[in-house]
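**Student:** Quick one, fold the following:
(2 chains, ligands or ions: 1)
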Amino acid sequence: METVTLTIIKQPELYLEADCISPDVFAETTGEIADLPVYVGREQHRLGDFFEISGRAGTTPAGTKIIVKGDLSRVKYIGMKMTAGEVVIDGNADMYVGAWMQGGKITVNGDVDAFAGTGMKGGELRINGNAGNYLGSAYRGDWRGMTGGRIVVTGDAGSDLGTFMNGGEIVVGGNVDVHVATHAEGGTIIIKGDAKSRLGGQMVEGEIYVFGDIDVMMPGFAYRKDVDLEVDGAKGRFALYEGDLGERHRKRKGQMIYGKLYQLVRP
Amino acid sequence: MTKTVTDVICPFCGTLCDDLEVVVSKDGKNLLEVYNACAIGAEKFLQSQAKDRHTRPRMRQEDGSWKEISYDEAIEYTAKMLADAKKPLMYGWSSTNCEAQAVGSEIGEYVGAVMDNTATVCHGTSLIAVQDIGIPSCTLGEVKNRADRILFWGCNPAHAHPRHMSRYSIFPRGFFTGKGHTGRKMIVVDPRVTDTARIADVHLQIEQGRDYELLDALRVAFKGEQLPDVVAGIPKEKIYEVAETLKSGRFAIIFFGMGVTQSLGKNHNIDAAIAVTRDLNEYTKAAIMPMRGHYNVTGSGQVWGWQFGFPFAVDLSRGFARYNPGETTSNDLLRRGEVDAVFVLGSDPGAHFPFSSVKKIYGLPSVAVEPHETPTTEVCKVHVPVAFVGIEVGGCAYRMDNVPIETRKVVDAPEGMMTDEEFLTHVLARVKEIKGV
Ligand code: SF4
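**Tutor:** Residues are numbered from 1 along each chain as shown, chains lettered A, B, ... in the order given. Model prediction:
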């Protein structure tokens, strides 16, 4: 695997849109990586105007690894739409990290702002830090949210986690803000810490697991029974709630299928 | 001698009343009296006659004082500012006509601006919900003639839209509503005992910030499923009762305001309210409508809808339209330092935005196009006073139910003053010159 290392040497006056930082674009470009276009507002610049670039890309996305270093908290769209290969971000990154990604792996050693993993289809997004709002959510107006892949956040996540989720898995090591799996029709969300309120609002199908507290339960979720489960390597007894009872639901083999919310029962 | 102009449109709130009568002097230069309008509507007409009104643009000087400049100088400053900026914010667009909004959008395209209107701090969240799940709505005429279940959620029309209840929603006798208010059941959901709540048949005094839960509970109740004993501070018996009241009507309408659009959950609250409306249509006819504030914020969404495909927060910086509230919305852009110039027309962010955003505007090149002296003109570098739309110049405006209404000119603007549209047309011409297009 060939490696390209990008080190930010100049901060943009406003924000930098760098959707070209992806193994797909690097592997497929015939010219210099430094000449790839990036944008500040309506102005187009070269990637090389902002980053020091070393190493080279592989001939395929899968054979390409990108390491991005420095303070990237004003850089958007890193790893957008990537299908294969690897991106390592050493530092905080701004919005849309791994948005619409289809494959490959992104590791962030730092925090990310909102809209990370928007409309994700596949691959793995690992954030060793905190995530902002709309992690693994659908893009505005799209009713097909995350359909596949896996997102792991070691810290906390913001609000609107996994909106319109259809598949895939999100694991949050810390706490989450309001609105989890709103309108979800599939997929799995695991929250190791506490949740606030509005879990599974308008949820059709899918699963939510919460290890900590839930401040306010949705009125549309009804307690069914306790079950013993192994969740992300941890064994325990969980209280199973089903809902959202107010929302439409499919029937399978004559049985109504609901969204499932499991909360760890602490002795 | 005076003359009376009839069927005048009120350019204040989204109710856009169209039955005002205005008395003007014979030469058409002075506005003397206003009939039929509510107090806030009448005040807007009378304010245009203020003797100390600014009639020429002014520019802030180094020492903080204002210096009068010509319209030409203001046009030059504005065009340069917009053309030089990498990502200017063009905000407001709610208290002006659609004609001006259209010219403004054209400027926005040439300079790669972010176009945002007052929905961003008001009903933008409703627009997000509409995009997510659609909206079953109707016109205010249908409400007047048919609705017998009226639900006001998080809004206080008694003060914010004073003639809404008398003209459309509660008191008028319509074609199928011959008994007026006695034939209607009025429900108000509000944590406060507002003047609107005081005249309601049912007031659900909801716990602050629990709207989403209560809306969900209504949906559960419609389906006859079990509810917890208390939701959002309301006992379940009451919720089942209100659900039954709504289902048993011939036509139910939900009006909602900033109490739900800007409280916890924002767009999700409206999303759930639309779902409640959709559910109700399984039992009766039901519709839902946002109580739009500024008289033509709806029109601004319409104009951008047909020009760009999105009703607010449209980022044109890269030459195509992008829309993502949370990123492309004014306060996020200002807070994060994503824009380098601010143009304001037909709104007062100085009064409505958080202080941190207003401070950012103060630090940037900025122009406010605005008939009044406002907190916004106070923080901007250039203030361009213009004629009042709907009083001194006509033009199209959209009522809260998306009905376009042509506003009327009733008096002349002070000598030599430009309208929004004229000023923008000149700025557009100058921007094209600078850009060489
Ligand atoms: S209700 Fe609104 S539109 Fe009607 S007169 Fe009053 S302010 Fe004007």
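
**Student:** Could you say which helix or strand holds residue B:373?
**Tutor:** Assigned by DSSP states H and E, residue B:373 falls within no helix or strand.

**Student:** just residue B:396 next, same as before
**Tutor:** Secondary structure (DSSP H and E) places residue B:396 in strand B:395-398.

**Student:** partners of the helix or strand following that strand in the sheet?
**Tutor:** As assigned by DSSP H and E, the chain's next helix or strand after strand B:395-398 is strand B:404-407. Here strand B:404-407 has these sheet partners by DSSP bridges: strand B:395-398 (antiparallel).

**Student:** Quickly check: the partner strand near the ligand or not.
**Tutor:** No - applying CB under 6 Å from any ligand atom, one finds strand B:395-398 out of contact with the ligand, separated by at least 10.1 Å. Bear in mind the C-beta positions are built from the backbone N, C-alpha and C, glycine included.

**Student:** what sits up against that strand?
**Tutor:** Contacts with strand B:395-398, where a contact means CB atoms under 8 Å, 6 or more residues apart in numbering or on different chains, come from B:9, B:11, B:16, B:96-100, B:295-296, B:298-299, B:301-302, B:389-390, B:404-407, B:421.

**Student:** same thing but 6 Å
**Tutor:** Residues from elsewhere that reach strand B:395-398, judged by CB atoms under 6 Å, 6 or more residues apart in numbering or on different chains: B:97-99, B:295-296, B:298-299, B:302, B:389, B:404-407.

**Student:** Alpha carbons only: can I get that strand in PDB?
**Tutor:** Provided in PDB are the C-alpha atoms of strand B:395-398 (Å, rounded to 0.1, in the frame of the first residue of the first chain):
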ATOM      1  CA  GLY B 395     -45.300  44.200  -5.600                       C
ATOM      2  CA  CYS B 396     -46.100  40.600  -4.900                       C
ATOM      3  CA  ALA B 397     -46.200  39.000  -1.500                       C
ATOM      4  CA  TYR B 398     -47.200  35.500  -0.400                       C
END
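
**Student:** re the thing from before, weed out the non-buried ones from the contacts of strand B:395-398.
**Tutor:** Among the contacts of strand B:395-398, the ones that count as buried by 16 or more other CB atoms under 10 Å in any protein chain shown are B:97, B:98, B:99, B:295, B:296, B:298, B:299, B:302, B:389, B:405, B:407.

**Student:** How many neighbouring residues does the nearest residue to residue B:266 once chain neighbours are set aside have?
**Tutor:** Nearest residue to residue B:266, sequence neighbours excluded (CB to CB, 6 or more residues apart in numbering or on different chains): residue B:125, at 4.0 Å. By other CB atoms under 10 Å in any protein chain shown, 25 other residues sit near residue B:125.

**Student:** Residue B:125: helix or strand, and which one exactly?
**Tutor:** Under DSSP H and E, the secondary-structure element containing residue B:125 is helix B:124-133.

**Student:** In strands, which of the buried ones among the contacts of strand B:395-398 appear?
**Tutor:** The strands, defined by DSSP state E, take in B:405, B:407 from these.

**Student:** since we're on the closest residue to the ligand within the stretch 101-250 of chain B, how many residues are nearby?
**Tutor:** Closest approach between the stretch 101-250 of chain B and the ligand, counting by CB to the nearest ligand atom: residue B:163, at 3.6 Å. Residue B:163 has 19 neighbouring residues, counting by other CB under 10 Å.

**Student:** how far away is the residue of the stretch 201-350 of chain B found nearest the ligand from residue B:405?
**Tutor:** Taking CB to the nearest ligand atom, the ligand has its nearest neighbour within the stretch 201-350 of chain B at residue B:295, 6.5 Å off. Distance of residue B:295 to residue B:405, given as CB to CB, to the nearest Å: 9 Å.

**Student:** Residue B:15 too?
**Tutor:** The value you get for residue B:15 to residue B:405, if CB to CB is used, is 11 Å.

**Student:** same question, residue A:84
**Tutor:** Taking CB to CB, one finds residue A:84 at 56 Å from residue B:405.

**Student:** Counting neighbours, what do you get for the closest residue to residue A:130 other than its chain neighbours?
**Tutor:** Among residues not flanking residue A:130 along the chain, residue A:155 sits closest, at 3.8 Å (CB to CB, 6+ apart). Other residues within reach of residue A:155 by the criterion other CB under 10 Å amount to 15.

**Student:** List the residues that contact residue A:155.
**Tutor:** Contacts of residue A:155 (CB under 6 Å, 6+ apart): A:129, A:130, A:174.

**Student:** For those, I'd like a selection string for ChimeraX - just the buried members, please.
**Tutor:** Only the buried entries of these go into this ChimeraX selection, using 16+ other CB under 10 Å:
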select /A:129,130,174
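
**Student:** Inside strands: which ones of the contacts of residue A:155?
**Tutor:** Going by DSSP E, the strands hold none of those.

**Student:** Just give me the closest of the contacts of residue A:155 to residue B:313.
**Tutor:** Nearest to residue B:313 out of the contacts of residue A:155 is residue A:130 (CB to CB; 25.2 Å).

**Student:** name the element residue A:138 belongs to?
**Tutor:** With DSSP H and E as the test, residue A:138 turns up in no helix or strand.

**Student:** do the one 5 residues further on as well
**Tutor:** Following DSSP H and E, there is no helix or strand that holds residue A:143.

**Student:** how far away is the residue nearest to residue A:130 from residue A:232?
**Tutor:** 16 Å.

**Student:** Phi, psi for residue 176 please.
**Tutor:** The chain I'm using is chain A. The phi and psi values for residue A:176, taken as degrees, to the nearest 10, are phi -130, psi 160.

**Student:** actually it's chain B I care about, not the one you picked
**Tutor:** Dihedral angles (degrees, to the nearest 10) for residue B:176: phi -110, psi 10.
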